[in-house]
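[1] My questions are about this predicted structure, shown below with the sequence.
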Amino acid sequence: MRIRFLLALLMLCIGSIASAQNLEKGKEINATCAGCHGEFGQGGSRGEYPRLGGLGVKYLESQLKAFRARTRINIPMYPYTQERELPDEDIRDVAAYLASIELPTKWPVFKDSDDALTRLTMTERVMIIPRVPGNLANGEAIYQKQCHTCHGKTGMGRGMFPMLVGQYTSYLKRQMDKYVKGERPHDEEAIGGVLNKLKEEDMQDILAYITTLQEQQ
Ligand code: HEC
Ligand code: HEC
């Protein structure tokens, strides 16, 4: 009984050492990605480069594989995801690392004793997506009827369904346009897709509503 317990404990320790190593390796790999997506995966250039920090592991992995297989066409990402650049094992490690990064959505409260560098480090990771205009009631009604089953009631996503809240609005809009044009597959099951049935104003309203959700996190 006791031995079994000790063995289980040992396995647990080995497991956590291994995952710490993977995160360390993921961090190294991320140095290549940081040039575009930022050191903490906070994205940049107002959504030209999407946020990656805090997205789900499964989703990150699936997208990296989709770029490699060209089922999701992306010219800047394609070379970085080739097997020799980023083997499956590296995809796992970098996805685990990026998923583990927390990006706060509130400004920190400084103490008088915090020096400039401390203040800078505390604010670097803060990621607040500005509100965008739109009819919030309409956005909410559509979102909570047609999007929440996959992307979650608070937009946090799960598994292979991406988090939408906290992502750059311009990036989300660009993706919606790509889905509608058939350049990127969205929800395969529904022929025509859920996004194809939306009017342009509805999309704007949904995006506006999503920017209000981060305050509830
Ligand atoms: C040269 C710039 C560049 C580099 C370097 C780069 N990316 Fe990207 N990445 C992009 C762009 C641009 C997009 C958005 C494509 C679009 O608009 O569809 C993107 C999109 C993504 C997405 C999809 C995010 C989402 O929400 O769907 C993932 C995941 C991703 N990159 C991961 C990585 C990882 C991991 C690395 C490093 C191995 C990396 N990228 C390196 C430019 C880059
Ligand atoms: C049946 C499940 C499902 C429903 C319902 C759904 N989505 Fe999605 N959505 C997905 C999946 C899966 C992806 C990732 C697709 C991929 O692998 O490229 C996605 C991706 C997205 C993306 C791109 C995110 C990124 O980081 O690149 C946006 C934007 C989006 N959905 C918006 C919506 C909106 C708005 C609605 C409601 C009108 C909606 N979705 C309803 C499954 C769903």
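    Yes, it's here. Ligands and ions are numbered 1, 2, ... in the order given.
[2] Helix, strand, or coil at the residue positioned nearest the centre of the chain?
    By C-alpha atoms, centre = their mean, the chain has its centre lying nearest to residue 55, at 2.9 Å. Three-state call for residue 55 (DSSP: H, G, I helix; E, B strand; the rest coil): coil.
[3] For the closest residue to it other than its chain neighbours, which residues are in contact?
    Once flanking residues are discounted, residue 55 sits nearest to residue 163: 5.7 Å by C-beta to C-beta, 6 or more residues apart in numbering. Backbone N, C-alpha and C define where each C-beta goes, glycine included. Taking C-beta atoms under 8 Å, 6 or more residues apart in numbering, we find residue 163 in contact with 54-56, 59, 151-152, 155-157.
[4] How confident was the prediction at residue 163?
    Residue 163 is assigned 97 on the pLDDT scale.
[5] Kindly report the same for residue 113.
    At residue 113, the model reports a pLDDT of 93.
[6] Kindly report the same for residue 57.
    Predicted confidence (pLDDT) for residue 57: 96.
[7] Share the number of residues neighbouring the nearest residue to it once chain neighbours are set aside, please.
    Among residues not flanking residue 57 along the chain, residue 99 sits closest, at 4.4 Å (C-beta to C-beta, 6+ apart). Using other C-beta atoms under 10 Å, the number of residues around residue 99 comes to 20.
[8] Same check on the one 4 residues further on?
    With neighbours defined by other C-beta under 10 Å, the count for residue 103 comes to 19.
[9] likewise the one 10 residues further on?
    Using other C-beta under 10 Å, residue 113 has 6 neighbouring residues.
[10] before we move on, which element is the closest residue to residue 83 other than its chain neighbours in?
    If the residues on either side of it in the chain are set aside, residue 83 comes closest to residue 68, at 7.1 Å by C-beta to C-beta, 6+ apart. Applying DSSP states H and E as the criterion places residue 68 in helix 57-69.
[11] Is the helix or strand that comes right after that helix in proximity to ligand 1?
    Using DSSP H and E, the helix or strand that directly follows helix 57-69 along the chain is helix 88-100. Yes. With C-beta under 6 Å from any ligand atom as the criterion, ligand 1 is reached by helix 88-100 at residue 94.
[12] I'd like to know which elements helix 88-100 is packed against.
    Using 3 or more C-beta pairs under 8 Å, 6 or more residues apart in numbering; DSSP states H and E, the elements in contact with helix 88-100 are helix 2-37, helix 57-69.
[13] report the angle between the axes of it and helix 57-69?
    140 degrees (axes from the mean of the first three to the mean of the last three C-alpha atoms, to 10 degrees).
[14] buried stuff in helix 88-100?
    Within helix 88-100, the residues scored as buried using 16 or more other C-beta atoms under 10 Å are 90-99.
[15] and the helix or strand of the chain with the lowest mean pLDDT, does that touch ligand 2?
    Across the helices and strands of the chain, mean confidence by mean pLDDT, DSSP states H and E is lowest for helix 2-37: a mean of 82. No. If you take C-beta under 6 Å from any ligand atom as the test, helix 2-37 misses ligand 2, and the best it gets is 12.3 Å.
[16] Just the buried positions in that helix, please.
    22-23, 25-27, 29-30, 33-34, 36-37.
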